[in-house]
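Student: have a look at this fold, sequence not included:
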């Protein structure tokens, strides 16, 4: 069986994380020949996800986790860590009726937004080729991206008030309904799923009142990562752990699968 949506799926009573070439289950990483559910390649834009079969020592997992918490001040980094960790559970949360918010990261140039999201968080959660997409990109690209995955975060950048207002429609729709129906010339309709968790960053915060109720807003300041600061020193240290990023993320996804199959999990 195959799916065109990367992410978390349940097949034959077992949950799997599906990437382009492999699937991650409780017993490890499976290739396309042995996995019960595989990815159906499409020509649409989608994140490049790769799982790592390496199992990190508990000591390394804890060391890296402690460093992540020091990448910025607590009020900045903890909402980001929490949102990214929760994104792996997005389909399960929505199954319970929980709506998943959008992460809005804003701040002036040089405040560390791109470095944190692309060079740390996306790599940490098994995205092999981190990239961000312009918030002013075409409707078709947005629809393709938001339907390509149900738990691996997509990054949209360069948000400016008054210039990317059309993008606010996706903030509202992805949170409220998760669908964007579109009409055809023959009066039929096509329903595009808006499944992906996504971040929106730029120098401006999203000010629309309806959108503000559907986002987690995180403010970045250049002085918090100035040279010599704790965050600056932590970033230099965490670069030495970059080879462990993907194994760390794969270990976290295994932890999520173990949670799904535990007696304490309400689903």
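Tutor: Noted; the coordinates are in hand. Remember, predicted model here, so these are calculated numbers, not experimental data.
Student: next up, the contacts around the closest residue to residue 118 other than its chain neighbours.
Tutor: Once its chain neighbours are removed from consideration, residue 118 has its nearest residue in residue 130; the separation is 4.2 Å (Cβ to Cβ, 6 or more residues apart in numbering). C-betas here are computed from N, CA, C, even on glycine. If you count contacts by Cβ atoms under 8 Å, 6 or more residues apart in numbering, residue 130 has them with 117-119, 122-123, 155.
Student: give the residue farthest from the middle of this structure.
Tutor: Distance from the C-alpha centroid of the chain, by Cα atoms, centre = their mean, peaks at residue 186 (36.1 Å).
Student: quickly note the distance from it to residue 98.
Tutor: 37 Å (Cβ to Cβ, to the nearest Å).
Student: ok, now residue 38?
Tutor: When Cβ to Cβ is applied, the distance between residue 38 and residue 98 equals 28 Å.
Student: neighbour count for these two, which is higher?
Tutor: Of the pair residue 38 and residue 98, residue 38 is the one with more neighbours under other Cβ atoms under 10 Å, namely 21 against 12.
Student: is that one bridged to anything, and to what?
Tutor: Here residue 38 sits in beta bridges with residue 2, going by DSSP bridges.
Student: and it, how far from residue 97?
Tutor: 29 Å.
Student: okay, now residue 36: neighbour count?
Tutor: By the other Cβ under 10 Å criterion, the neighbourhood of residue 36 contains 13 residues.
Student: quick check: closest non-adjacent residue to it.
Tutor: With sequence-adjacent residues excluded and distances taken as Cβ to Cβ, 6+ apart, residue 36 is closest to residue 11, at 5.0 Å.
Student: so what's the one you found up against?
Tutor: 1, 36-37.
Student: ok, residue 69 next?
Tutor: The neighbourhood of residue 69, defined by Cβ under 8 Å, 6+ apart, consists of 77-78, 81.
Student: if I look at it, how far off is residue 78?
Tutor: The gap separating residue 69 from residue 78 is 7 Å, by Cβ to Cβ.
Student: cool, and residue 236?
Tutor: When distance is defined by Cβ to Cβ, residue 236 is 21 Å away from residue 78.
Student: more neighbours: which of those two?
Tutor: Each of residue 236 and residue 78 has its neighbours counted (other Cβ under 10 Å); residue 78 has more, 14 against 9.
Student: just the element for the more buried one, please.
Tutor: For residue 78, the host element (DSSP states H and E) is helix 74-87.
Student: which other helices and strands does that helix contact?
Tutor: Under the contact criterion of 3 or more Cβ pairs under 8 Å, 6 or more residues apart in numbering; DSSP states H and E, the helices and strands touching helix 74-87 comprise strand 102-107, strand 215-220.
Student: in that helix, what counts as buried?
Tutor: 76-77, 80-81, 83-84, 86-87 (16 or more other Cβ atoms under 10 Å).
Student: next structured bit after that helix?
Tutor: The element immediately downstream of helix 74-87 (helix or strand, assigned by DSSP H and E) is helix 90-95.
Student: residues making contact with that next one?
Tutor: Under Cβ under 8 Å, 6+ apart, the answer for helix 90-95 is 7-9, 86, 100, 150-151, 178, 197, 260, 267.
Student: now that helix, how far from the centre of its chain.
Tutor: Taking the mean C-alpha point of helix 90-95 and that of its whole chain, the gap between them comes to 14 Å (Cα atoms, centre = their mean, to the nearest Å).
Student: contacts only, for residue 102.
Tutor: Contacts of residue 102 were listed using Cβ under 8 Å, 6+ apart, and they are 171, 174-175, 197-200, 211, 214-216.
Student: can you give me the helices in this structure?
Tutor: Defined through DSSP state H, the helices belonging to the chain, from first to last, are 58-68, 74-87, 90-95, 113-116, 122-124, 139-146, 168-176, 209-212, 230-238, 245-260.
Student: among those helices, which comes closest to residue 15?
Tutor: For those, proximity to residue 15 was assessed by Cβ to Cβ; helix 245-260 is nearest, at 4.8 Å.
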